[in-house]
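**Q** Turn this into a structure:
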Amino acid sequence: MSLSTSKTPIINAIAPLLPNEMASGLAELTTNSPQAVFFETFIRFVTGGDRDASTSISSSVWTQKQGPVINTINSLTRPAKRTRENDDENNEELGTKRARTAHDVQDDKVLFTLHSISATCPIRKKVHILVCENSVRMINPSSKAVEAVISRDSITRSFLLPTRNKTKAHWTVVLLSSDAGKSAAEQVIFGVDAVAASTTKVTEGGDAELPISKGQDMHPILKSFLRHVGAPIHQPTSRVFKSACPTHVGISADAGGIPGVEAYRAAKAGTLWFMEEGVLWGESKPCEFWSVQDLHSRSDGVRLISATGRTCTVIFKRHAAVENDEDADAGEETEFSMVDGREQQSINNWVMQYRDSFGGEKSKGKVGQDRHAARALPSGPITIHQLVAESDSEDDDFTDSDARSGSVVSSLGGSDSDEESGSDGDDGEESAAETDDEIMAQREDEKLDPRHHPLLREGAMPRMSKGLVEAVVAMVENDFDGGPASVSEGEDGMEEVDELDD
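**A** From the prediction side, this is the model:
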């Protein structure tokens, strides 16, 4: 450099050590002598050097201003004290409570964005919700920090629910990573007014903004959001289920009615949403879903219990995956209480409509239903002979399958073939008796299977035909009214009067 070392000793000392690009730039800036002196003083000031006598800055100002400048530079250039391992441990402890940096998702292409949405889960604040190629993200609108990230591949179901008890029509969106269990803890829940309360926007793709005017219907926007999420979309409708109780506050987003009932799970209030695909316990986190195939069976997949009729309890039994037949009846029951008693008929109608799909027993359910439906109802007066015939036909339901196939040899009385067999009849009777004894002994050793013996199932009650009940009631009424004496046929076919009536 042309400048003397006495005026710019620091610049002259560091210039040969700088990269070529920086050295050439510095040379261009310091070709003028006053400018070179200024850079020399600036470097001395920011590096903590002493004041040069040639400068016009006073000593007091130099000392007063130099300290804060140096501290600021140090704070900006100081390396992080924590190691990578410590950072990982702290991130695991803080979880979703700590705002995540964007470096781990910056390459995740944005597909759709909802702006300024009130989220309930996994965080409770207003955020931008972004659907990306690999994740669903919640971004702080002001700081742009990533508040929560959920893998898009982990989301298995999405729901669009008409929120209950809102002063204005409102939609609740639920994204589930699993129907139940610990894995279901990763959920997304947020709400949106059914009609836009103010002018807003959504972003489709990276930068294509779609304006939303005040008063615009939000349902198509939410459906588009869920389609970008990619999971199956479920929406309860009044066509499938309609609550018998009107909403206490406001109106429902579903104009046809409310497709759900209010209930309590332990002490937590929420709503049971009934759909073609199953039942969702929604709005109150954690949400849980019972698909119709997961419900245990036609008989106990859904049960209603009511002591007074004013309220009832709904019990869902989830069909458990078992490895052997011994655990076929295993299942997990979940109880929902304080359901309005007026909802029982609606729930029963839903069960009757979809119970053939419970537990994957659709074909079995249809066979059983058709068999009982085919039984003709009695008309006119019922005689004791009709009751016996009806009772016998009902008892056939509990007959062992071996007996139906004819493999069991009957030992009650003789037959025409026994009389014709002559002396061989005794041997046949002895053989039949031995066979009966062996079969009875074998059956006594066998453990009864509740699947083939309905009365052994939990909560089972023996059936009594309506005709039998009416006959008993009629006999009691005749006794109180002093009706005619009862008659019965004797062994010889003659009618004989009951002596107790004399």
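**Q** which of the residues in stretch 264-283 are buried?
**A** Judged by neighbour count (16 or more other CB atoms under 10 Å), stretch 264-283 contains these buried residues: 264-265, 270-275, 277-283. (Each C-beta comes from the backbone N, C-alpha and C, glycine too.)
**Q** tell me which of those is nearest to residue 338?
**A** Proximity of the buried residues of stretch 264-283 to residue 338 (CB to CB) peaks at residue 264, which lies at 4.5 Å.
**Q** you'd agree that closest one is in a strand?
**A** Yes. Assignment of residue 264 by DSSP: H, G, I helix; E, B strand; the rest coil places it within a strand.
**Q** if I pick it, what's in contact with it?
**A** For residue 264, the contact set (CB atoms under 8 Å, 6 or more residues apart in numbering) comprises 270, 336-338.
**Q** let's go with 6 Å and repeat that
**A** With contact set as CB atoms under 6 Å, 6 or more residues apart in numbering, residue 264 has these partners: 337-338.
**Q** Could you do the one 10 residues further on as well?
**A** With contacts defined as CB under 6 Å, 6+ apart, residue 274 is in contact with 241, 350.
**Q** And it, how close does it get to residue 48?
**A** Noted for residue 274: a distance of 74 Å to residue 48, by CB to CB, to the nearest Å.
**Q** swap in residue 37?
**A** Distance, residue 37 to residue 48, by CB to CB: 19 Å.
**Q** Looking only at neighbour counts, state which of these two leads.
**A** residue 37 (18 against 11; other CB atoms under 10 Å).
**Q** Mind listing what's buried along the helix or strand the more buried one falls within?
**A** Under the criterion of DSSP states H and E, residue 37 resides in helix 33-46. For helix 33-46, burial by neighbour count (16+ other CB under 10 Å) applies to 36-37, 40-41, 44-45.
**Q** just checking, next helix/strand downstream of the longest strand anywhere in the chain?
**A** Longest strand in the chain, counting residues (DSSP state E): strand 110-121. Later in the chain than strand 110-121, the nearest helix or strand by DSSP H and E is strand 126-132.
**Q** which helices and strands does that following strand pack with?
**A** When contacts are defined as 3 or more CB pairs under 6 Å, 6 or more residues apart in numbering; DSSP states H and E, strand 126-132 sits against strand 110-121, strand 135-139.
**Q** of all those strands, which lies closest to residue 166?
**A** Nearest of those to residue 166, taken as CB to CB: strand 110-121 at 12.3 Å.
**Q** domain ranges for this structure?
**A** 9-74, 110-156+184-232 (the TED database).
**Q** Tell me, please, where in the stretch 401-502 of the chain the pLDDT is lower than the cut-off.
**A** Within the stretch 401-502 of the chain, the ranges that satisfy pLDDT under 70 run 401-465, 482-502.
**Q** Please enumerate residues in contact with stretch 185-201?
**A** 115, 117-121, 150, 168-177, 209, 211-216, 218, 253, 287.
**Q** In strands, which of these fall?
**A** Those of the contacts of stretch 185-201 lying in strands (DSSP E): 115, 117-121, 150, 170-176, 209, 211-212.
**Q** Can you flag the buried ones in these?
**A** Taking 16+ other CB under 10 Å as the criterion, what is buried in the ones in strands among the contacts of stretch 185-201 is 115, 117, 119-121, 150, 170-176, 212.
**Q** Now the two most distant members of those residues.
**A** Spatially, the most separated pair among those is 176 and 212, at 26.6 Å (CB to CB).
**Q** Give me the residue ranges of this protein where confidence is low.
**A** Along the chain, the model assigns pLDDT under 70 to residues 1-6, 77-106, 182-184, 206, 247-250, 321-329, 361-465, 482-502.
**Q** so residue 142, which of the three states?
**A** coil.
**Q** need the strands for the stretch 251-400 of the chain, in chain order.
**A** 260-265, 268-274, 278-282, 288-291, 302-305, 311-319, 331-340 (DSSP state E, counting those that start in this stretch).
**Q** So which residues make contact with the fifth one?
**A** The reference is to strand 302-305. Identification of contacts with strand 302-305 by CB under 6 Å, 6+ apart yields 312-313, 315-316, 344, 351.
**Q** Direction included, what does that strand pair against?
**A** Here strand 302-305 is paired, per DSSP bridges, with strand 311-319 (antiparallel).
**Q** Which of the residues in the partner strand are classified as buried?
**A** By neighbour count on 16+ other CB under 10 Å, the buried set for strand 311-319 is 311-314, 316-319.
**Q** again, but for stretch 7-19
**A** 8, 10-12, 15.
**Q** and what of stretch 215-226?
**A** By neighbour count on 16+ other CB under 10 Å, the buried set for stretch 215-226 is 218-219, 221-222, 225-226.
**Q** Only the C-alpha atoms, please, for that stretch, written as CSV.
**A** Included here for stretch 215-226 are C-alpha records, laid out as CSV according to Å, rounded to 0.1, in the frame of the first residue of the first chain:
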residue,chain,number,x,y,z
GLY,A,215,-69.7,-14.4,4.8
GLN,A,216,-68.2,-17.1,2.5
ASP,A,217,-69.0,-20.8,3.3
MET,A,218,-65.9,-22.5,4.8
HIS,A,219,-67.0,-26.1,4.2
PRO,A,220,-65.5,-26.4,0.7
ILE,A,221,-62.2,-24.8,2.0
LEU,A,222,-62.0,-27.3,4.9
LYS,A,223,-62.8,-30.3,2.5
SER,A,224,-59.9,-29.1,0.3
PHE,A,225,-57.6,-28.9,3.3
LEU,A,226,-58.5,-32.5,4.3
